[in-house]
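> Below are the sequence and a predicted model; questions follow.
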Amino acid sequence: MTSEKEKLGYALGLNIARNLQEQGFEGFDYTSFCAALDDHYSKKELKMSVPEVNETLQSALARIQADKHGPVLEEGQKFLEENAQRDEVTVTASGLQYRVMTEGSGKSPSPTDQVTTHYHGKLINGTVFDSSVNRGTPATFPVNGVIQGWQEALPMMKEGDKWELFIPYNLAYGENGAGGAIPPFSTLIFEVELISVN
């Protein structure tokens, strides 16, 4: 590597390779990869259309995600299946599960209301990822500004209610998770006390 062009080319290649590896892309055909670079920069006729490229990449990403996060998804599904058998647990049409811990007698919020709650959130392995209880300060937010599982549960609750929510990944943070605390495809458990409808 003597010229600046050679060094830059090699550096770019390494950078792309590292990025692809970090995303989980392994075992693809390197000759085809280099041919695509050559076709693009030489302005040759491309061997795949844009829709084909997008479909191929989306399919590969889905496989990578399934391989990487499949165990989390399976553990969550197994947990919810077993939890649904408990007499005190109610399962809604969406798959949300809840258990009434304390019954209140106040009013119920609408989707556009602000509510003040105390909550304690954890993964099914018991890891706590967020807790207003631990912080010692209740949280106030709009009902329609939180995850779907909460949006479904809160309008069914009354002021003074305390429920335990068991929320499937698709009603929580989905395939992406949230930061480093909540992995993709995570089933979540919340204890939620509805203090007031504001």
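Perfect, I can see it now. Keep in mind the model is a prediction, meaning the values are calculated, not measured.
> number of nearby residues for Ser132?
Applying other C-beta atoms under 10 Å, we find 19 residues neighbouring Ser132. Using the backbone N, CA and C atoms, a C-beta is placed for each residue, glycine as well.
> How about it, nearest residue that isn't a chain neighbour?
Nearest in space to Ser132, with sequence neighbours left out and distances taken as C-beta to C-beta, 6 or more residues apart in numbering, is Ala139 at 4.6 Å.
> which element follows the helix or strand of the chain with the lowest mean pLDDT toward the C-terminus?
Lowest on mean pLDDT, DSSP states H and E among the helices and strands of the chain sits helix 50-83, with a mean of 88. Using DSSP states H and E, the helix or strand that follows helix 50-83 in sequence is strand 90-91.
> Partner strands of that next one and their direction?
When pairing is defined by DSSP bridges, strand 90-91 lines up against strand 97-102 (antiparallel).
> now the angle between helix 50-83 and the strand it pairs with, please.
40 degrees (axes from the mean of the first three to the mean of the last three C-alpha atoms, to 10 degrees).
> And strand 97-102, how far out from the chain middle?
23 Å (C-alpha atoms, centre = their mean, to the nearest Å).
> Let me see the mean pLDDT of it.
Mean per-residue pLDDT for strand 97-102: 98.
> before we move on, what about stretch 137-147?
Average pLDDT, stretch 137-147: 96.
> And stretch 29-40, by the same measure?
Mean predicted lDDT for stretch 29-40 stands at 92.
> ok, residues contacting that stretch?
Residues from elsewhere that reach stretch 29-40 (C-beta atoms under 8 Å, 6 or more residues apart in numbering): Lys44, Glu45, Leu46, Lys47.
> What does the pLDDT read for the closest residue to Glu175 other than its chain neighbours?
Nearest residue to Glu175, sequence neighbours excluded (C-beta to C-beta, 6+ apart): Pro184, at 5.3 Å. pLDDT, Pro184: 87.
> and Pro184, what does it touch?
Per C-beta under 8 Å, 6+ apart, neighbours of Pro184: Gln65, Lys68, His69, Val72, Tyr169, Tyr173, Gly174, Glu175, Asn176, Gly177.
> next one: phi and psi at it?
phi -50, psi 150 (degrees, to the nearest 10).
> what do you get for Glu159?
Dihedral angles (degrees, to the nearest 10) for Glu159: phi -50, psi 130.
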